[in-house]
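>>> just coords:
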């Protein structure tokens, strides 16, 4: 008996993988049903539905990039402190002295790539008409995921706390103060007032809600850090699960049922 | 030593490798064409010249240029492979002007659809790929071009442009073929692969290979290109230009034509709502699960117009062309902070009262009652209000009984109104652009007192 066989016959192995290796047709089906990570997939699919020239693989690539961002992001969180005192210094140290500081490069390029691949995924889904019944709602979930991907990238953009970061966030978040009714420079902000006092000021409007302050400062850094590392990823993970589940329930990635 | 050299030793060497890579690509292409056995009937009296011959010649030239770059990088000042000044100036003149920029992008957009059967031919596509790579490569010999395209955060955008170009080509290539097959009554490309295959191994292995390649790509990318890190943040040193992250630059570009409440809040929300509404307003049941153009012309053209010239095109404009003071600069132009652009845009109310009627603009009296002030403002802006309300409420019914009659009948009232309003709001951007360029129009409704400008 070879070592490989010995391991595969052991009780430990069998307790993890409840079936023989997927070498024959039966076990190739069984592996999809009994493995947690693989059970996302059906057992069999139409060949055309997995042709790269048809799917462009962009949805899968986006998901993989999300995993890469999660992994590198968690590693970066061990190192980075979101305070005015340390944020920039920590990032510079990641660049100059830290072993595996390349995690920051992978995280940033992965984030840019994810924005691009999520667009291309939507492009393909539109061009193949895959949003048509019965998949209307999954397209809506997809649009939400697109927005959240942009928000993830936007909140992460601030964290290095360099000139590029704060001014990009300043320009981006300045829009919020022009929100109709809810921004202090938006049309109709005077509508919300009590006895002549405006309720919407630069310390209580939509922009203040976003920044936690009247300008991009320490509160903003904290707020964006939590949004970037905890709040948005949790929502995204949930929506991804729904998105994938709906693909299965709606009968694959495209074509009428 | 020039402080802004067009060429440095490392640029020349880098270009050398680019040309050598292109030579290798074209070597494979030449072999491919040669194996197809096609030949020209006769050229200048010579008969049966293989079609691979010009490609072979081109490959050799690329190879020689590449070698010259890699070997002779010692004296950049004497290096001859530069972009002609006349070409640079021509490109700058076209690009650094909003009218010609959008005119050219519209011509490309229309040609892309009109000539889809032509440019999806592999040979034409290959020529276009070569041309765009050569354009990028040769442009790298310009200092200012390198400054803007070589910025670390802009590199992904260059990659995105090639990806979007490739996938757009792939879409048209497949739909042209499918449309031909549908017309001829043959099975579609997607129908040829309709048997069931097991996910293990067919899909699982594909995913595995994709993951490995992507991991390798990201690591290589991370080693080759350092993530940007500028000076520490300073609330008092405002950079000029101040730009949002690159994926929002299309929205930032809209600020030229609309106020922040429109460009930054209303129109982005409309984009999102519009995207989510697509499955519910597209009543066409054809084209589900295969590539086609002919069967869904309207939806495809609308989406491509929103995605390519408006979204991607304006990101390119915002990233590469908008410089200090949000002025437009050519690709080969120095970003001069002192470049002046005359702004003499006029509000519609100003045009109406002052230019056409020759009266002074009605001004609300600060001491008058609120009601009187509102009345004065509404009187001042009445024409703008009439136009905007007509655009949003009179035009859709008119569309329903004229050009969009078929749509209206098939979609019903509610769906059609949603579609019409979304289309009109999407068209609001190019329309405002055109009004700005043609009449130097600033705002159609201008009520700065209420931050309400359209």
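Sure thing, it's come through. As the structure is a prediction and not an experimental result, all values here were calculated from the model. Numbering: from 1, shown residues only, chains lettered A, B, ... in the order given.
>>> make it CA atoms for all contacts and neighbour counts henceforth
Noted.
>>> Residues of the stretch 151-257 of chain A that sit close to chain B?
Contact residues (CA under 8 Å from any CA of the partner chain) of the stretch 151-257 of chain A with chain B: A:154, A:157, A:160-172, A:175-176, A:178-180, A:185-188, A:254-256.
>>> State the number of residues packed around the closest residue to residue B:93 other than its chain neighbours.
Sequence neighbours aside, residue B:330 is the residue nearest to residue B:93 in space, at 6.8 Å (criterion: CA to CA, 6 or more residues apart in numbering or on different chains). Residues lying near residue B:330 (other CA atoms under 10 Å in any protein chain shown) number 23.
>>> Can you classify residue B:330 by secondary structure?
Following DSSP: H, G, I helix; E, B strand; the rest coil, we place residue B:330 in the coil state.
>>> per-residue confidence at it?
Reading off the confidence values, residue B:330 has pLDDT 93.
>>> so it makes contact with residue B:87?
No: counting by CA atoms under 8 Å, residue B:330 stays clear of residue B:87, with 11.7 Å between them.
>>> Residue A:12 falls within a strand, correct?
No: under three-state DSSP, residue A:12 sits outside any strand and is assigned helix.
>>> Now do the same contact list for the residue nearest to residue B:93.
Going by CA atoms under 8 Å, 6 or more residues apart in numbering or on different chains, residue B:330 touches B:91-96, B:321.
>>> Near residue A:3, how many residues? Count them for me, please.
For residue A:3, using other CA under 10 Å, the count is 8.
>>> mind checking the backbone torsions on it?
Main-chain dihedrals, residue A:3, degrees, to the nearest 10: phi -60, psi -40.
>>> quick one: it and chain B, what's the gap?
25 Å (CA to the nearest CA, to the nearest Å).
>>> do residue A:88 as well
Where chain B is concerned, residue A:88 sits at a distance of 6 Å (CA to the nearest CA).
>>> before we move on, the earlier item: the residues of the stretch 151-257 of chain A next to chain B, buried ones only, as a PyMOL selection?
Selection of the buried residues among these in PyMOL, burial being defined by 16 or more other CA atoms under 10 Å in any protein chain shown:
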select buried, chain A and resi 154+157+160+161+162+163+164+165+166+167+168+169+170+172+175+176+178+179+180+185+186+187+188+254+255+256
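>>> In contact with residue A:42, which residues are there?
A:32, A:248, B:199.
>>> The contacts of residue B:330 into JSON lines, with extra columns for secondary structure and neighbour count?
Below are the contacts of residue B:330 laid out as JSON lines (DSSP: H, G, I helix; E, B strand; the rest coil; neighbours: other CA atoms under 10 Å in any protein chain shown):
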{"residue": "B:91", "secondary structure": "helix", "neighbour count": "14"}
{"residue": "B:92", "secondary structure": "helix", "neighbour count": "18"}
{"residue": "B:93", "secondary structure": "helix", "neighbour count": "16"}
{"residue": "B:94", "secondary structure": "helix", "neighbour count": "16"}
{"residue": "B:95", "secondary structure": "helix", "neighbour count": "20"}
{"residue": "B:96", "secondary structure": "coil", "neighbour count": "19"}
{"residue": "B:321", "secondary structure": "helix", "neighbour count": "24"}
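>>> can you list those residues in a markdown table and add pLDDT?
Formatted as a markdown table, those follow (pLDDT from 0 to 100):
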| residue | pLDDT |
| --- | --- |
| B:91 | 93 |
| B:92 | 94 |
| B:93 | 92 |
| B:94 | 93 |
| B:95 | 92 |
| B:96 | 91 |
| B:321 | 94 |
